[in-house]
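1. Quick one, structure for this:
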Amino acid sequence: MCSPSPSASRPMPHPRRHLPLLALILLLGAALRWIGLGERPPGAYWDEQAIAVNARLLAARGHDQYGARWPLFWRALDDYKAPVFPYSVLAASPLVGDDVLGARRVAALWGVLGLAAC
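-> Model (predicted):
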């Protein structure tokens, strides 16, 4: 008969014990993403601008800059974007704005949600 290992007899730590540490990590990650969102990085990158412009065009006219009506994959400056992020920018644009800063706000929110999922 085998005797149980010493680690098997130890009680498992309660998962709620780690909640304050996890909340602190989530708050720190959110702060690092949100503080200075409009200033860093300086200026706007072409992909941020393309997503913001196409979200604005789809909201106003129902097509992107190439005339495609509600495309599954967004073509932006001969680069194709997966649909989740651009359509989330489109859906959130009434709340966060339809400019580059609005697209950055949505990206920051996705980053915080990604931290929470880990």
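2. for the chain, what's the longest helix?
-> In the chain, with assignment by DSSP state H, the single longest helix is helix 100-117.
3. can I get the CA coordinates of that helix in PDB?
-> Coordinates of each C-alpha in helix 100-117 appear next as PDB, following Å, rounded to 0.1, in the frame of the first residue of the first chain:
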ATOM      1  CA  VAL A 100      -8.400  57.700 -33.600                       C
ATOM      2  CA  LEU A 101      -8.700  58.300 -29.900                       C
ATOM      3  CA  GLY A 102     -12.000  56.300 -29.900                       C
ATOM      4  CA  ALA A 103     -10.200  53.400 -31.600                       C
ATOM      5  CA  ARG A 104      -7.400  53.600 -29.000                       C
ATOM      6  CA  ARG A 105     -10.000  53.600 -26.200                       C
ATOM      7  CA  VAL A 106     -11.600  50.400 -27.600                       C
ATOM      8  CA  ALA A 107      -8.100  48.800 -27.900                       C
ATOM      9  CA  ALA A 108      -7.400  49.700 -24.300                       C
ATOM     10  CA  LEU A 109     -10.700  48.200 -23.200                       C
ATOM     11  CA  TRP A 110      -9.800  45.000 -25.100                       C
ATOM     12  CA  GLY A 111      -6.500  44.900 -23.400                       C
ATOM     13  CA  VAL A 112      -8.000  45.200 -20.000                       C
ATOM     14  CA  LEU A 113     -10.500  42.400 -20.900                       C
ATOM     15  CA  GLY A 114      -7.600  40.300 -22.000                       C
ATOM     16  CA  LEU A 115      -5.900  40.800 -18.600                       C
ATOM     17  CA  ALA A 116      -9.100  39.900 -16.800                       C
ATOM     18  CA  ALA A 117      -9.400  36.700 -18.900                       C
END
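4. Which strands and helices lie in contact with that helix?
-> Other elements packing on helix 100-117 under the criterion 3 or more C-beta pairs under 8 Å, 6 or more residues apart in numbering; DSSP states H and E are helix 19-34, helix 46-61, helix 84-96. For every residue, glycine as well, the C-beta is placed using N, CA and C.
5. Nearest to Val106, out of these?
-> Closest to Val106 of these is helix 84-96 (C-beta to C-beta; 4.8 Å).
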